[in-house]
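>>> quick one, structure for this:
(one chain, ligands or ions: 1)
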Amino acid sequence: MSVSFNSFIKLGSNRNLSKAELSQILYSLRIEQVKYQDWKDYLLLNLGKNAQKKLVKKLEQTGSIIKFGNLEFKVGVSEKKKLNDNLVKIIDGIFIKYLPKRQKQLKLSLNIRTNDETQKSELSKELRKIIRNISQDKRFPVKVLPTKKESYELTPFDYNKENLPSRGIELNLFVIKSKIYFGPTRWVTNPFKDIKQDEERPVRFFTHGTSIKLSRTLVTMANIPYDGMMLDPFCGTGTILIEALKQGLKVIGIDKDQKCIRSSKTNLHHFSEKYPSREKMKAKWRVQIHDSRKLTDAIQKKVDGVVTEPFLGPFFKHLPHIEEAQMIMKSLERLYTRVLAECKRLLKTGARIVFIMPEYNYPLKRSVYPNVKSICEKTGLTSLEESKFFNIKFPIEIGRKHNVIARKLFIFESK
Ligand SMILES: C[S@@+](CC[C@H](N)C(=O)[O-])C[C@H]1O[C@@H](n2cnc3c(N)ncnc32)[C@H](O)[C@@H]1O
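Numbering: from 1, shown residues only. Purely as a prediction, here's the structure:
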């Protein structure tokens, strides 16, 4: 049975992570079933109008999704007249939307994706002709933005630099089998915002900090209800805590290191100061020096979720000898078992622990990693096996730290 798609998501470079995050968002929107198809670096979806609207609002809090758009029209490749009429309709619609803003000019970016180069240039010519005609008709100049050859379309940097969508729009044409799907981009991630936030925070770790984007994804994956309490038992400089506050959660951060706690406090104060209701924001977070192996001595109240990138072992330029690696992993396994057991005692039923674990990969496919099965047996936690949608298996590989240590994202549940 062929499914008609009405939306697309552009996935990030870590496709599994993007899909798992999207799956979580759709699940939190109480969507029961999703029809989808993988296509190049996109995921094509069939969503109800209401679900599309809710999804757009949620995307701002994601860390691994690049773009979302609608596919408003679908025509057969040979239906030239219908294609033309619909293109005129959609471009006319874009003009009408932007005319009242009385800008100097309208910016249009064309993202034409087909494997057939001749078809691409024909479609491009056709579109430019329609744009020219409507532009002359409405006396509203248009600038068709150039795209970099290797990326086909505007990068998120260019998209935001060009100030889309307030100055114009990106129109996507996807040729899939014998059909052409097309429609406008509705949302694109803004990397400038993250860079600014990163540069402005008073203290940051260059070696063992968690990136802002990853922190955002981890918080999403925890599925904590709005205003719920999140715990990070290895909070470092507080990156995850800040992303959780931005998502409307309350947070507790624990770290055994005095300097880290001071850094977290400085960063969290800086963050809170930016809010008009700074006192209310300050009441939503707490950080405390403590050894997380004895968490329940420091925290008494139950929490709605735990999100953390823990201590992943010593910093290496090159991996240690395999016997040494095994010893390090055993000691990390002991640390994680104790901390996770404590987390479980604090966790409400059904709540999640989003946790990263290291893996050292050696030649001949030998790897050294903590024994998760044993951790689960000792703590009574279960490790989630698969995402709700898109069949993504956990743990998810999330890239290497300092190019040496591979990291894996686990989700544990307390039942
Ligand atoms: C990878 S860092 C966390 C990074 C943090 N997410 C950030 O972006 O700044 C790990 C942290 O775990 C802390 N740590 C290590 N062992 C601990 C323990 N037993 N209890 C509490 N904190 C611990 C370290 O002091 C370090 O700050």
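>>> sketch out the low-pLDDT regions of this structure for me.
For the chain, applying pLDDT under 70 flags the ranges 1-3, 150-151, 206-207, 402.
>>> all the helices of it, residue numbers only.
Along the chain, counting by DSSP state H, helices occupy 15-28, 49-59, 80-98, 117-138, 156-161, 191-200, 212-221, 239-246, 258-273, 278-282, 295-298, 322-346, 372-379.
>>> same for the fifth one, what does it pack against?
Read it as helix 156-161. Helix 156-161 makes packing contacts with strand 179-188, helix 191-200 when contacts are defined by 3 or more CB pairs under 8 Å, 6 or more residues apart in numbering; DSSP states H and E. Quick note: C-beta positions are derived from backbone N, CA and C, even for glycine.
>>> contacting residues for the residue in the chain that the ligand sits nearest to?
Closest contact between the chain and the ligand, by CB to the nearest ligand atom, is at residue 236 (2.6 Å). By CB atoms under 8 Å, 6 or more residues apart in numbering, the contact set of residue 236 is 205, 208, 209, 210, 255, 260, 263, 264, 309.
>>> I'd like the helices and strands packed on helix 156-161 as CSV, with mean neighbour count and distance to the ligand appended.
CSV is the format used below for these (neighbours: other CB atoms under 10 Å; distance: least, CB to the nearest ligand atom, whole Å):
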stretch, mean neighbour count, distance to the ligand
strand 179-188, 21, 25
helix 191-200, 13, 11
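>>> Throw these into a markdown table and include distance to residue 393, thanks.
A markdown table is the format used below for these (distance: least, CB to CB, whole Å):
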| stretch | distance to residue 393 |
| --- | --- |
| strand 179-188 | 28 |
| helix 191-200 | 28 |
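>>> filter the contacts of residue 236 to the buried ones?
Neighbour counting by 16 or more other CB atoms under 10 Å classes 209, 210, 255, 260, 263, 264, 309 among the contacts of residue 236 as buried.
>>> ok, the last one - contacts?
So the one you mean is residue 309. Contacts of residue 309 by CB under 8 Å, 6+ apart are 210, 214, 218, 234, 236, 240, 356, 407.
>>> how about the residues of the chain near the ligand?
Residues of the chain found near the ligand (CB under 6 Å from any ligand atom) are 205, 208-210, 234, 236-237, 239-240, 254-257, 260, 291-293, 309-311.
>>> among these, which ones are in strands?
Among the residues of the chain next to the ligand, the ones falling in strands (DSSP state E) are 254, 255.
>>> what residues sit buried inside stretch 166-173?
Neighbour-count burial for stretch 166-173, with 16+ other CB under 10 Å as criterion, is recorded at 168, 169, 170, 171, 172, 173.
>>> which residues touch the fifth one?
Under the criterion of CB under 8 Å, 6+ apart, the contact partners of residue 172 comprise 8, 69, 71, 111, 112, 113, 153, 182, 183, 184, 185.
>>> so the last one sits against residue 67, correct?
Yes. With contact defined as CB atoms under 8 Å, residue 185 and residue 67 form a contacting pair (6.0 Å).
>>> and the closest residue to residue 375 other than its chain neighbours, how close does it get to residue 310?
Spatially, and ignoring its direct neighbours in sequence, residue 375 is nearest to residue 337 (5.1 Å; CB to CB, 6 or more residues apart in numbering). As defined by CB to CB, to the nearest Å, residue 337 lies at a distance of 12 Å from residue 310.
>>> okay, now the sheet partners of the longest strand belonging to the chain, with direction.
Ranked by residue count and defined by DSSP E, the top strand of the chain is strand 347-362. Pairing partners of strand 347-362, with direction, according to DSSP bridges: strand 303-308 (parallel), strand 366-368 (antiparallel), strand 405-413 (antiparallel).
>>> buried ones in that strand, by neighbour count?
The neighbour-count check on strand 347-362 (16+ other CB under 10 Å) flags 347, 351, 352, 353, 354, 355, 356, 357, 358, 359, 360 as buried.
>>> picking that back up, need the buried residues of stretch 166-173 in TSV with distance to residue 14, can you?
Formatted as TSV, the buried residues of stretch 166-173 follow (distance: CB to CB, whole Å):
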residue	distance to residue 14
168	30
169	28
170	23
171	27
172	22
173	27
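>>> what's near enough to touch the spatially closest residue to residue 191 that is not a sequence neighbour?
Nearest residue to residue 191, sequence neighbours excluded (CB to CB, 6+ apart): residue 156, at 5.3 Å. Residues in contact with residue 156 (CB under 8 Å, 6+ apart) are 66, 67, 188, 189, 190, 191.
>>> switch to 7 Å and redo it
66, 188, 189, 190, 191 (CB atoms under 7 Å, 6 or more residues apart in numbering).
>>> do residue 411 as well
221, 352, 354, 384, 394.
>>> for residue 354, see how far away the closest residue to it other than its chain neighbours is.
In space, and not counting its chain neighbours, residue 411 is closest to residue 384: 4.0 Å by CB to CB, 6+ apart. Taking CB to CB as the measure, residue 384 falls 10 Å from residue 354.
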